[in-house]
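>>> Make a model of this:
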Amino acid sequence: MEMQTVYAFELPKGYVDSGGGIHRKGRMRLATAGDEISATRDPRVLSNPSYLSIVVLSKVVTELEGVEMVTTTLIEKLFTADMAFLQDMYQKINNAEPVTLKAVCPECGAVHEVALNFTREG
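Numbering: from 1, shown residues only. Below you'll find the model as predicted:
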């Protein structure tokens, strides 16, 4: 039996390109350890830990119908419903434990371990 590593999806709203075209169908692959490690080293994530999910999704969403390349800029332009859908899908197909990051409180300077929640639920 062959292991499934790529999963098809259809976004609830769809990515709207600059010409007004809507793109809903795509594919997401399983994440690798390298995907998550390289994402945590990305300068945008180091300066803003909430950017981690955008970087990771730009690596694992391998295609979106009619779009040449999936990038962080494209992921940023998704509607929140589509972003939540992809985060939830990522969690489900990877059976992932929450990713945690060290965060520094800007007011008191205390260091905290913070779980990054990729799902829609609180």
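>>> Which residues does the longest strand anywhere in the chain contact?
Ranked by residue count under DSSP state E, the longest strand found in the chain is strand 6-16. Defining contact as CB atoms under 8 Å, 6 or more residues apart in numbering, one finds that strand 6-16 is touched by 22-30, 62, 64, 67, 74, 77-79, 81-82, 85-86, 89, 93. Where C-beta positions appear, they are placed from N, C-alpha and C, glycine not excepted.
>>> repeat that with 7 Å
Strand 6-16 is contacted by residues 22-29, 62, 64, 67, 74, 77-79, 81-82, 85, 89, 93 when judged by CB atoms under 7 Å, 6 or more residues apart in numbering.
>>> Can you show me the strands along this structure?
Along the chain, the stretches classed as strands by DSSP E are 6-16, 22-29, 61-64, 99-104, 111-116.
>>> out of the ones you listed, deepest packed?
Comparing those by mean neighbour count (mean count of other CB atoms under 10 Å), strand 61-64 ranks first with a mean of 18.
>>> For Val55, which non-adjacent residue is spatially closest?
Leaving aside its sequence neighbours, Val55 sits nearest to Ala39 (CB to CB, 6 or more residues apart in numbering; 4.2 Å).
>>> circling back to that earlier point, can you tell which of the strands of the chain is closest to Ser53?
Proximity to Ser53, assessed across the strands of the chain by CB to CB, is greatest for strand 111-116 (6.7 Å).
>>> Give me the neighbour count for Leu52.
Using other CB atoms under 10 Å, Leu52 has 20 neighbouring residues.
>>> From the centre of the protein, point out the most distant residue.
Cys108 (29.9 Å; CA atoms, centre = their mean).
>>> and it, how far is that from Lys13?
Note on Cys108: its distance to Lys13, by CB to CB, to the nearest Å, is 39 Å.
>>> likewise Asp42?
From Asp42 across to Lys13, the span is 26 Å (CB to CB).
>>> now Gly109
40 Å.
>>> do Gln87 as well
From Gln87 to Lys13 the distance is 14 Å (CB to CB).
>>> what do you get for Val55?
21 Å.
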